[in-house]
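# Predicted model follows, preceded by the sequence.
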Amino acid sequence: MKFLLKLALLFSLVISTSFASEKVYKLKMATTWGPTLSPLIDSAYNAAKMAEKMSNGRLQIRVDASNKHKSPLGILDMVKGGQYDMGHSASYYWKGKDIATLPFTSMPFGLTAPEQYAWFYQAGGLELMQKVYAKHKVMSFPGGSTGVQMGGWFRKEIKTLDDLKGLKMRIPGFAGEIMAKLGVQVTNIAPGELYTALDRNNIDALEWVGPSMDIKMGFHKIAPFYYTGWHEPASEMQFLVNKKSFAKLPADLQEILIVSMRVAAYDMYVENYDMNATAWEKMRAEYPGIQVKTFPKEIMDAMKKANKELRTELSAKSPELKEVLDSQDVYMKKVREWTKMSDYLYLKDNI
């Protein structure tokens with residue numbers, strides 16, 4: 001009788017454990033992006049799909065684009081406050097709340113996308129990111145890179161520093177502060193109003209992303225000078241995860257979530273690289289008058305000087321920012337030697 005009772009208890013335990021292992025965990029993710037803004041929104045969708053598939057349906061993530069939650073730049077606050085378990089955005093949007101978050105997206109004249117990924121995963125970058133975001137009660141992970149972003153569309157060619165003085169340009173963030181130091185009248189205009197502003201001469205130039213996303217905006221139909229990048233050499237998006245929501249997940253689902261985000265981030269980088277190539281081929285064929293330009297050395301030197309001054313000013317106010325920037329600088333000295341030996345010299349001799 002005791003044997004049968006023990007057997008029944010054991011069977012009950014096995015059954016209850018089996019049911020527990022099949023429990024479905026549902027998370028909600030808010031994004032900064034609209035529902036069709038590829039490739040940015042694709043990273044969020046793909047992470048959700050992979051997590052559900054790898055967990056055999058036990059982990060389900062609902063992705064809400066910005067048109068649903070109506071707060072594209074409120075992602076950090078919503079994830080921190082628990083309205084959403086996750087978010088997909090870009091770290092430099094929070095520089096007004098916490099300046100130390102800025103470098104996890106990209107810094108002018110900084111690491112390229114492969115270099116930055118190596119810094120994240122091999123040189124302590126990811127650990128520094130968790131340290132910075134811990135005070136916000138969230139975790140942050142790389143969420144997909146746009147690689148080198150272009151320097152912008154200009155109505156007229158920029159030959160000297162004097163050409164920048166009084167120029168009206170849409171260029172946000174840290175790059176905007178650098179341009180302002182050079183005499184540019186920096187403005188920030190909503191994405192949906194950019195084409196009209198450029199078309200009506202309300203602005204003389206603007207920076208957006210690169211061919212993959214610029215082609216949809218139609219800037220190339222108005223401004224013929226397309227300048228190469230300097231300000232965002234490795235624009236990395238981010239996944240945000242509420243710490244309490246993450247802690248509620250079983251260990252295997254935590255790992256599945258982390259892997260899903262990592263794979264989705266790389267997939268976005270690859271997707272965007274191909275989209276850039278495809279879009280540029282189309283732009284060049286349909287608008288052969290587009291002229292690709294690089295800013296003259298005089299201007300690049302002035303930008304670098306302004307960048308250095310701003311970094312010094314901000315680092316003096318934030319030890320955390322200084323720690324992150326110092327880490328990136330140390331790693332760049334190491335990794336850039338290999339980048340030059342491999343990518344740069346290969347391309348230099350084969351283009």
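Ah, there it is. Bear in mind the structure is a predicted one, so any value in this text is a computation, not a measurement. Numbers count the residues shown, from 1 in each chain.
# quick one, phi/psi of A123?
The phi/psi pair for A123 (degrees, to the nearest 10) reads phi -130, psi 20.
# Which secondary structure element is home to Q238?
strand 236-242 (DSSP states H and E).
# Give me the residues contacting that strand.
40, 43-44, 47, 75-76, 79-80, 82, 84-91, 104-106, 113, 116, 120, 133, 137-146, 257, 261, 265, 268 (C-beta atoms under 8 Å, 6 or more residues apart in numbering). (Each C-beta comes from the backbone N, C-alpha and C, glycine too.)
# how near is the residue nearest the centre of the chain to N350?
Nearest to the mean C-alpha position of the chain, by C-alpha atoms, centre = their mean, lies M237 at 2.1 Å. Using C-beta to C-beta, to the nearest Å, M237 is found at 31 Å from N350.
# likewise S140?
Here the criterion is C-beta to C-beta. By it, S140 lies 38 Å from N350.
# quick one, which of these two is more surrounded?
Taking neighbours as other C-beta atoms under 10 Å, S140 and N350 compare with S140 leading, 24 against 6.
# neighbours around the closest residue to the more buried one other than its chain neighbours, how many?
Counting by C-beta to C-beta, 6 or more residues apart in numbering, S140 lies nearest to Y133, which is 4.5 Å off, once chain neighbours are set aside. Look at Y133: counted by other C-beta under 10 Å, it has 26 neighbours.
# Helix or strand: which one has Y133?
Here Y133, judged by DSSP H and E, is contained in helix 125-134.
# What is the distance between that helix and the centre of its chain?
The chain centroid and the centroid of helix 125-134 are separated by 15 Å under C-alpha atoms, centre = their mean, to the nearest Å.
# Format the CA atom coordinates belonging to that helix as PDB.
Output of helix 125-134 as PDB, limited to C-alpha atoms (Å, rounded to 0.1, in the frame of the first residue of the first chain):
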ATOM      1  CA  GLY A 125      31.400  46.400 -23.700                       C
ATOM      2  CA  LEU A 126      28.300  44.300 -22.900                       C
ATOM      3  CA  GLU A 127      29.300  44.300 -19.200                       C
ATOM      4  CA  LEU A 128      29.700  48.100 -19.200                       C
ATOM      5  CA  MET A 129      26.300  48.400 -20.900                       C
ATOM      6  CA  GLN A 130      24.600  46.400 -18.100                       C
ATOM      7  CA  LYS A 131      26.400  48.500 -15.500                       C
ATOM      8  CA  VAL A 132      25.100  51.700 -17.000                       C
ATOM      9  CA  TYR A 133      21.500  50.500 -17.400                       C
ATOM     10  CA  ALA A 134      21.300  48.800 -14.000                       C
END
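# which of the residues in that helix are buried?
G125, L126, L128, M129, V132, Y133 (16 or more other C-beta atoms under 10 Å).
# Let me know the next secondary structure element after it.
strand 138-145.
# Quick one: list the elements packing against the helix or strand that comes right after that next one.
As assigned by DSSP H and E, the chain's next helix or strand after strand 138-145 is strand 152-154. Packing contacts for strand 152-154, counted by 3 or more C-beta pairs under 8 Å, 6 or more residues apart in numbering; DSSP states H and E, involve strand 205-206, strand 225-227.
# most tightly surrounded among those strands?
Compared across the helices and strands packed on strand 152-154, strand 205-206 shows the largest average neighbour count, a mean of 24 (mean count of other C-beta atoms under 10 Å).
# elements contacting that one?
strand 152-154, strand 168-170, helix 194-199.
# mind checking which of those is nearest V63?
Across the helices and strands packed on strand 205-206, V63 has its closest neighbour in helix 194-199 (25.4 Å, C-beta to C-beta).
# before we move on, the earlier item: the contacts of strand 236-242 in strands, which ones?
Counting by DSSP state E, the contacts of strand 236-242 place 86-90, 138-145 in strands.
# Farthest-apart pair in these, please.
V138 and S145, at 20.3 Å, using C-beta to C-beta across these.
# V24 reaches Q60, doesn't it?
Yes - in this structure V24 lies within contact range of Q60 using C-beta atoms under 8 Å: 6.2 Å.
# Give me the more crowded residue out of those two.
Q60 (14 against 10).
# tell me the phi and psi of that one?
Residue torsions, per degrees, to the nearest 10, at Q60 are phi -120, psi 130.
# who's in contact with the residue lying closest to it once chain neighbours are set aside?
Among residues not flanking Q60 along the chain, K26 sits closest, at 5.0 Å (C-beta to C-beta, 6+ apart). Applying C-beta under 8 Å, 6+ apart, we find K26 in contact with Q60, I61, R62.
# can you put these in a markdown table and add distance to E323 and pLDDT?
What follows is these, written out as a markdown table (distance: C-beta to C-beta, whole Å; pLDDT from 0 to 100):
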| residue | distance to E323 | pLDDT |
| --- | --- | --- |
| Q60 | 37 | 98 |
| I61 | 32 | 98 |
| R62 | 36 | 98 |
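# Name the nearest of those residues relative to K304.
I61 (41.6 Å).
# Now do G192, the pLDDT please.
What the model reports as pLDDT for G192 is 81.
# residues contacting it?
Contacts of G192 (C-beta under 8 Å, 6+ apart): none.
# That one belongs to a helix?
Yes - residue state for G192 (DSSP: H, G, I helix; E, B strand; the rest coil) corresponds to a helix.
# Quick check: it vs G147, distance?
Distance from G192 to G147, counting by C-beta to C-beta: 25 Å.
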